[in-house]
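Participant: Provide a 3D model corresponding to the input given below.
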Amino acid sequence: QVRLVESGGGLVQSGGSLRLSCAASGGGFIMYAMAWSRQAPGKQRELVAAITSGGETYYLDSVKGRFIISRDGADNTVHLQMNSLKPEDTAVYYCNADITGVGVPREYPYRGQGTQVTVSS
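Facilitator: Now for the predicted structure:
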């Protein structure tokens, strides 16, 4: 059973930075892809950033140039460096993972419990 545990959320002022981390355990595999999604109150969940074991990445248009996703493949750990944060980035951020895939997946079978990110104006 794959388990994902997020850390690093919190409250930050507009323009500030936060770094989220997620560690995957269980399954005995190197995750093919790991990603971050988010869900704001009253809105649908959206994929924010993703990275494959080969280093291929995806970013939501609204975070390009501000967020950077990276991973430690051997440790099944993924990070999301969030810079120049805006109030509209406020959401619960979820770590996601998949064992197999092609390209950069947009849907993931495994998801963590989430961590709250709040950006004040």
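Participant: nearest residue to the middle of this structure?
Facilitator: residue 36 (2.0 Å; Cα atoms, centre = their mean).
Participant: is it in contact with residue 91, as I believe?
Facilitator: No. Residue 36 is not in contact with residue 91 according to Cβ atoms under 8 Å; the separation is 10.3 Å. (C-beta placed from N, C-alpha, C; glycine too.)
Participant: any buried residues in the strand or helix carrying the residue nearest to the centre of the chain, and which?
Facilitator: Residue 36 belongs to strand 33-39 when elements are defined using DSSP states H and E. Of all the residues in strand 33-39, those buried under the rule 16 or more other Cβ atoms under 10 Å are 33-38.
Participant: do the same with stretch 82-102
Facilitator: 82, 85, 89-98, 101.
Participant: now stretch 64-78
Facilitator: When neighbours are counted by 16+ other Cβ under 10 Å, the buried residues of stretch 64-78 are found to be 67-69, 71, 76-78.
Participant: and the residues you listed, which two are the farthest apart?
Facilitator: Of all pairs drawn from the buried residues of stretch 64-78, the greatest distance, 20.3 Å, lies between 67 and 76 (Cβ to Cβ).
Participant: tell me where this structure has strands.
Facilitator: According to DSSP state E, the chain carries its strands in the segments 3-7, 10-13, 18-25, 33-39, 46-52, 57-59, 67-72, 77-82, 91-98, 110-111, 115-120.
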